[in-house]
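1. Sharing a sequence plus its predicted fold:
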Amino acid sequence: MKKLLSAVTLFLMSSWAYAAMSAAEEVISVPSEPVDMVYVVLFLILFFGLIAGFFVYMWMKERKKPRDQ
């Protein structure tokens with residue numbers, strides 16, 4: 001447990017140091033290019049379609065179970 005706690009502490013300290021250094025250097029990142037709306041719609045269709053497909057699969061699997069189990 002002590003090893004985990006010390007690892008988390010070191011990670012947090014290093015991330016704070018990195019944030020302070022980048023703020024001091026005033027690093028300005030270039031804005032990313034916007035994504036075409038077709039890809040967003042395609043992602044949403046696939047995402048919700050796979051979720052719906054999973055629930056349909058689970059429903060069909062549950063229907064095929066014998067009732068006495």
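-> Yes, it's here.
2. quick one, helices of the chain?
-> For the chain, applying DSSP state H gives helices covering 2-25, 37-64.
3. Now render those helices as TSV, adding mean neighbour count.
-> For the C-beta atoms, the positions are set from N, CA and C on the backbone; glycine is no exception. Shown next, in TSV, are these (neighbours: other C-beta atoms under 10 Å):
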stretch	mean neighbour count
helix 2-25	9
helix 37-64	9
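4. Out of these, point me to the one whose mean pLDDT is lowest.
-> Mean pLDDT values for the helices of the chain show the minimum at helix 2-25, a mean of 75.
5. Which secondary structure elements does that one sit against?
-> Contacting helix 2-25 under the criterion 3 or more C-beta pairs under 8 Å, 6 or more residues apart in numbering; DSSP states H and E is no other helix or strand.
6. quick revisit: kindly present the helices of the chain as CSV, with separate columns for distance to Pro31.
-> Output for those, formatted as CSV (distance: least, C-beta to C-beta, whole Å):
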stretch, distance to Pro31
helix 2-25, 17
helix 37-64, 17
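7. For Phe55, give its distance to Glu33.
-> As judged by C-beta to C-beta, to the nearest Å, Phe55 and Glu33 stand 35 Å apart.
8. what do you get for Ser6?
-> Distance, Ser6 to Glu33, using C-beta to C-beta: 41 Å.
9. Show the pLDDT at Gly66.
-> Slight slip there: residue 66 is Pro, not Gly. We note a pLDDT of 79 for Pro66 in this prediction.
10. Can you give me the neighbour number for it?
-> 5 (other C-beta atoms under 10 Å).
11. dump the residue contacts of it.
-> Residues counted as contacts of Pro66 (C-beta atoms under 8 Å, 6 or more residues apart in numbering): none.
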